[in-house]
Each structure stands twice: as C-alpha cells, then as structure tokens.
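> sequence plus the predicted model coming up.
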Amino acid sequence: MRTYKFRAWIPEFETIVEVECIELKEGWVAHENLRQDNMMDLEPVSQTDPYCVTKLKDCTLMQFTGLKDKNGKEIYEGDLMKVFLPERTKVTGQEMYGDDIRDVEEIEFDKKEVLAEVRTNPKSGSRLLVRKVIPNNAKGVHLGSYLKIRSEDEIIGNIYENPNLLN
C-alpha cells in the first residue's frame with residue numbers, strides 16, 4: 001500500500017517542513033511551528049501540541065514518491081538528484097516534446113553525471129526530469145528528457161533551497 005506524505009516549501013521562512021495535515025476545504029496545511037508571531041496557531045490537541053498552520057496559497061506542496069535514494073532518504077517532488085550513468089549506457093525513458101510526453105526506447109549517454117529534478121509525470125508517475133548535464137555537452141542527453149528513478153540515484157538538494165545547483 002502506498003504511503004501518502006507531503007512536505008511544504010514556505011518561501012516566507014525559506015524552509016521546508018513536514019506536513020501533518022492538509023485541509024483543502026479551508027485551504028491550509030498543518031506543520032511544525034516555525035515562528036508563532038507570523039502564523040496562527042492551531043487549536044492545541046494538548047498543552048504540548050507543536051503544530052501551526054499556513055495557507056495553501058502561501059506554500060508549495062511536495063508529494064512523497066514512495067521511493068528512497070541510495071542512502072535511504074525519502075524522495076519527494078522537487079528534489080534534485082545526481083544520477084550516475086556509466087559511459088555508453090542505454091536507458092529507456094520518456095522525452096518532452098512541447099506539451100506532449102513520448103516514450104523513447106533508448107537514450108544513449110556518453111557522459112556520467114546528470115542532475116535531474118523529481119517530477120510527477122501524469123502518464124507514468126514519478127520520474128526524473130533532466131535539468132543539467134555535466135559536462136554540458138554530453139552526447140545524447142538533453143534537457144527535458146525523463147528518466148526512471150533508480151535506487152542508486154542520490155538526493156543532493158531540492159529546487160527551492162538549492163536553486164544554485166541548476167546554474
């Protein structure tokens with residue numbers, strides 16, 4: 001059975017928090033308390049309730065993929081992953097053409113390192129979207145390619161706290 005979990009990026013505090021509850025009708029998420037004076041408190045369940053709420057419009061939700069990286073760290077949408085591929089590896093995947101996603105039988109890689117963002121593909125679930133190729137002239141790899149997430153891939157940050165990794 002799949003585990004549904006979320007994190008939230010809160011730009012006001014420049015931080016990511018674990019989400020405890022999402023209230024869609026009222027439009028808020030409950031999470032650990034960051035700074036009491038700028039957020040309204042939830043009615044405490046007990047005297048030690050550590051949670052507060054943020055409006056959905058003031059944060060970005062990141063869903064858990066159900067997968068873990070090579071270090072056992074949970075993989076969420078928006079995570080940036082370092083993908084190591086041996087030279088001349090052939091990988092099945094998908095490519096983005098305009099608004100369409102197309103299956104590709106083989107993508108051939110000449111270089112070893114790809115930086116990819118975790119995104120949810122509506123047709124095939126969570127995938128890695130190639131955002132940067134190191135070195136940037138690797139034959140056969142281009143921005144916009146989708147790869148399958150593999151257990152040997154490694155989380156190195158996320159698009160919110162580490163946008164500099166994409167430069």
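Received it, and whenever you're ready, just let me know what you need.
> return the set of buried residues in stretch 151-166.
For stretch 151-166, a neighbour-count test (16 or more other CB atoms under 10 Å) marks 153, 155, 157, 158, 159, 160, 165 as buried. In short, each C-beta sits where N, CA and C put it, glycine included.
> pLDDT of that stretch, averaged?
Per-residue pLDDT over stretch 151-166 has a mean of 89.
> again, but for stretch 20-34
Rounded to a whole number, the mean pLDDT of stretch 20-34 is 88.
> next: stretch 75-84.
Averaged across stretch 75-84, the pLDDT comes to 88.
> domain-wise, how is the protein divided?
As given by automatic domain parsing, the domain ranges for the chain are 6-58, 67-166.
> same list (the buried residues of stretch 151-166) but as JSON lines, adding secondary structure and distance to residue 61.
Putting the buried residues of stretch 151-166 into JSON lines (DSSP: H, G, I helix; E, B strand; the rest coil; distance: CB to CB, whole Å) gives the following:
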{"residue": "153", "secondary structure": "coil", "distance to residue 61": "22"}
{"residue": "155", "secondary structure": "strand", "distance to residue 61": "18"}
{"residue": "157", "secondary structure": "strand", "distance to residue 61": "18"}
{"residue": "158", "secondary structure": "strand", "distance to residue 61": "13"}
{"residue": "159", "secondary structure": "coil", "distance to residue 61": "13"}
{"residue": "160", "secondary structure": "coil", "distance to residue 61": "12"}
{"residue": "165", "secondary structure": "helix", "distance to residue 61": "21"}
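> for residue 10, state which of these is nearest.
residue 160 (9.4 Å; CB to CB).
> quick check on that closest one: phi, psi?
phi -90, psi -50 (degrees, to the nearest 10).
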